[in-house]
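# How does the following fold in three dimensions:
(chains A and B, ligands or ions: 2)
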Amino acid sequence: MKRAHNDRAGLVGVSRPAPVLQVWQALNIAHDEVMARDESVFILGEDVGLYGGSYRVTQGLFAKYGEWRVRDTPISENSFTGLGVGAALVGGRPIVEIMTINFALLALDAIINMAAKLRYMSGGQFKVPLVVRSPGGVARQLAAQHSQRLEHTLMNVPGLRIVAPATPQDAYWQLKQAVACDDPVIVLEHELLYFTEGPFDPGADPPPMHAAAVRRRGRDISLIAWHRMVDVCLEAARELEADGIDAEVVDLRSLRPIDLPLLLESVSRTHRALVVEEDCRFAGAGAEIAATLNEAGFFELEAPVQRVAGRDVPTPYNARLEAASIPDAAAVVRAVRGLLGPREK
Amino acid sequence: MQRQLAHQIWYDMVLARLFEQAAAEQYAQGRIAGFLHLYPGEEAVAVGTLRAADTGDYVVSTYREHVHALVWGITPEAVMAELFGKATGCSGGYGGSMHLFDAGRRFLGGYAIVGETFPVAIGVGYWLRLTGAPDAVLCYFGDGAANQGTFHESLNMAALWKLPVLFVCENNHYQIGTEIHRHTAVPEIHRHGTAYGIPGRRVDGMDVVAVYEATRMALEHVRAGNGPYLLECETYRYRGHSMADPGAYRSALEVAELRARDPIDGFRERVLHEGWLEQAELEQAEREARAAVEAAVAFAEESLEPTNLEQDVYVQPLDLYDGTKA
Ligand SMILES: Cc1ncc(C[n+]2csc(CCOP(=O)(O)OP(=O)(O)O)c2C)c(N)n1
Ligand SMILES: [Mg+2]
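Ligands and ions are numbered 1, 2, ... in the order given. Take a look at the predicted model:
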């Protein structure tokens, strides 16, 4: 199963155990591989070329593949995303990088009105193999206009697929799967995860693009999260151990579709679930996940699925207030205790 | 002008007018629903531009695109059946009047959000440049669409990367009920290209020969690798913006004045004057067009409706919980 990967000098060594990489590096390798293999793949976005990408994801690719395949664009989100749609209709496999998800609000016409609908509206004549990648989430004091999460907006759109990798391995796998997919795929990345590390084995077999993953097995409750909140849940699970509570942590990895079979299997063992999301609570992605589990998993549940979510405010600049606006491990621990009730030790 | 081309153009123009009249009748009878935007008065624009294009070129049009589809070779049957929402329509009954598609003929829609044709067209143009293909893209838009952000964004990128796109403005002087001097500071739309170094010109969009010749020149420019061109065709629509529009914002006199410059009447006179075709040939073509439209309506009526609600949302179907299975 393991192959030597010394052909990408500098990033991936050949020594065992499996190397450790950062998320941005895994994405960089994935881009390089898909571009080398398939000439119809091209990248476009602001500063993806000469500059190398705001989070270094496309570093080195401009020099290797040239300006027509790694295209620096003007600040015209709706039109360069729509450019990707047009090219995808006629044979291209564009990867559009939108500098941050906040700017994707200016490209929603291209994403929602065009990419998601053209196949259906044309009676199935076209496929739209477009990938839109974009970082989002609360980072470090970027204030309200640079800290948003748009999962909920995009999850409600038939025609889209949405993945949300949290680890280098998933970022590598899911970017490659997104490019191979004939439907439009939104790859949501998290700004605070680019420079986090994780084990990386490019030779390992990937799970399906939409599969969730159990990050920690547990008996008492399923904590369901994605992106940075997976780590928050793992931290909470460690704290809960002291209370004798054994929490399971599920990394959703995909938000449209969600891996309902895995979630149901998890709650069939734990009988309780808590969805933990960074985004605002009201009408958020967590509402959909909780509602679906409550409906489909009703007979397995000992209590209604609950949510821990961000507060319903624009993200403040002040560091303390910013931290208070999104869930932390303590909030998850409190919610779990509330859900499980007093426990005899 | 060659006889054959003159004959083709005459047939296209007459077919266009008759098809739209039939669509209006079928709408009145309740067989066509939704938004229906008709083209009478503007025929010379679609016919003149598309007859000057090559079959390998791509066409990206708006919601007012029945005639573009017809001229580009989609059959009247397939267009009418689409308006009827039938499975035999050129979009399988899933698109309707505003979303006509034909992948095989490189007819890429059919966009109902004003300003969407620009990014799609530059995307195709980008792909053509990337792959070194010789073809061009014809991108249609109304005078109202020139104030959409995508117009300026896309013109900039098209010029920056010298994309082979011919932007064709169908300037019918109205954005629904708002006349051009009330919606655009510089109403000479072709001049808007100058900010991006894109050459352009205005042509009489009621004169199909002028439109045809201007398009030939413009496409030569585009195909020679010079980048985009902006052709503004001044035209007029006789009917309301859509079937829902009674047209109270303009005077009957204004409409009558423009009708006096009807593109079909004008072309008939020209054809006979130049001796390109005989009166009998014109009449024969008109009979053929009428028969084609009648056949299209009959075909649309007889056709079956699509039945599969969920097909083709995705290439690989996606399994979402629908509240019934668990
Ligand atoms: C983004 C957007 N805004 C508004 C509308 C509603 N609308 C449909 S057509 C139209 C007028 C467009 O005028 P123009 O571009 O001149 O084209 P015409 O209909 O005259 O051919 C408007 C406002 C729309 N479809 N899309
Ligand atoms: Mg108009």
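# Check the offset of stretch A:44-62 from the chain's centre.
Computed by C-alpha atoms, centre = their mean, to the nearest Å, the chain-centroid distance of stretch A:44-62 equals 20 Å.
# next one: stretch A:37-51
20 Å.
# is that stretch anywhere near chain B?
Yes - Stretch A:37-51 comes into contact with chain B (C-beta under 8 Å from any C-beta of the partner chain), by way of A:F42. Placement of C-beta: from N, CA and C, glycine included.
# Now for A:E197, how many residues are close by?
14 (other C-beta atoms under 10 Å in any protein chain shown).
# actually A:D312, not the one I wrote
Neighbour count of A:D312, defined by other C-beta under 10 Å: 12.
# Give me the pLDDT for it.
You'll see A:D312 listed with a pLDDT of 97.
# Strands along chain B, start to end?
Taking DSSP state E, the strands of chain B run over residues B:58-62, B:107-111, B:137-142, B:165-171, B:174-175, B:178-179, B:200-204, B:229-234.
# my read: B:Q21 touches B:A28, true?
No - look at B:Q21 against B:A28 with C-beta atoms under 8 Å: they stay out of range, at 10.8 Å.
# Which one's more surrounded, those two?
For B:Q21 and B:A28, the more surrounded residue by other C-beta under 10 Å is B:Q21, and the numbers stand at 14 against 10.
# check contacts around the more buried one.
Counting by C-beta atoms under 8 Å, 6 or more residues apart in numbering or on different chains, B:Q21 makes contact with B:P40.
# same thing with A:A171?
The contact partners of A:A171, by C-beta under 8 Å, 6+ apart, come to A:V23, A:A26, A:L27, A:A30, A:P165, A:E189.
# Repeat that for A:A211.
Listed by C-beta under 8 Å, 6+ apart, the contact partners of A:A211 are A:R253, A:S254, A:D259, A:L262.
# Would you mind measuring from it to A:V163?
10 Å (C-beta to C-beta, to the nearest Å).
# Spell out which helix or strand contains the residue of the stretch 101-250 of chain A found nearest chain B, please.
Nearest to chain B in the stretch 101-250 of chain A, going by C-beta to the nearest C-beta, is A:G123, at a distance of 2.6 Å. A:G123 belongs to no helix or strand when assigned by DSSP states H and E.
# Without its sequence neighbours, what residue ends up closest to A:A144?
Nearest in space to A:A144, with sequence neighbours left out and distances taken as C-beta to C-beta, 6 or more residues apart in numbering or on different chains, is A:P314 at 3.7 Å.
# Then A:K117?
Counting by C-beta to C-beta, 6+ apart, A:K117 lies nearest to A:G159, which is 5.7 Å off, once chain neighbours are set aside.
# for the one you found, what are its contacts?
A:A115, A:A116, A:K117, A:R119, A:Y120, A:D183, A:P184, B:V313, B:Y314.
# With secondary structure and distance to A:T73 as added columns, please give those in a markdown table.
Listed next are the contacts of A:G159 as a markdown table, based on DSSP: H, G, I helix; E, B strand; the rest coil; distance: C-beta to C-beta, whole Å:
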| residue | secondary structure | distance to A:T73 |
| --- | --- | --- |
| A:A115 | helix | 17 |
| A:A116 | coil | 21 |
| A:K117 | coil | 23 |
| A:R119 | helix | 25 |
| A:Y120 | helix | 28 |
| A:D183 | coil | 23 |
| A:P184 | coil | 18 |
| B:V313 | coil | 29 |
| B:Y314 | coil | 27 |
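# Those residues: which ones sit near ligand 2?
The subset of these within reach of ligand 2, by C-beta under 5 Å from the ion, is empty.
# What's the per-residue pLDDT of the residue in the stretch 201-326 of chain B that ligand 2 sits nearest to here?
Per C-beta to the ion, B:R237 is where the stretch 201-326 of chain B lies closest to ligand 2, at 7.5 Å. Note on B:R237: pLDDT of 97.
# Which stretches in the stretch 151-300 of chain B count as helices?
For the stretch 151-300 of chain B, helices defined by DSSP state H, counting those that start in this stretch occupy the ranges B:180-183, B:208-221, B:252-259, B:263-274, B:279-302.
# Could you list the residues in contact with the first one?
With contact meaning C-beta under 8 Å, 6+ apart, helix B:180-183 is reached by B:D143, B:G144, B:N147, B:N171, B:H173, B:Y174, B:Q175, B:P187.
# at 10 Å what do you get?
B:142-144, B:146-147, B:171-176, B:187-189, B:234 (C-beta atoms under 10 Å, 6 or more residues apart in numbering or on different chains).
# Show me which positions of that helix end up buried.
Buried positions in helix B:180-183, judged by neighbour count with 16 or more other C-beta atoms under 10 Å in any protein chain shown: B:I180, B:H183.
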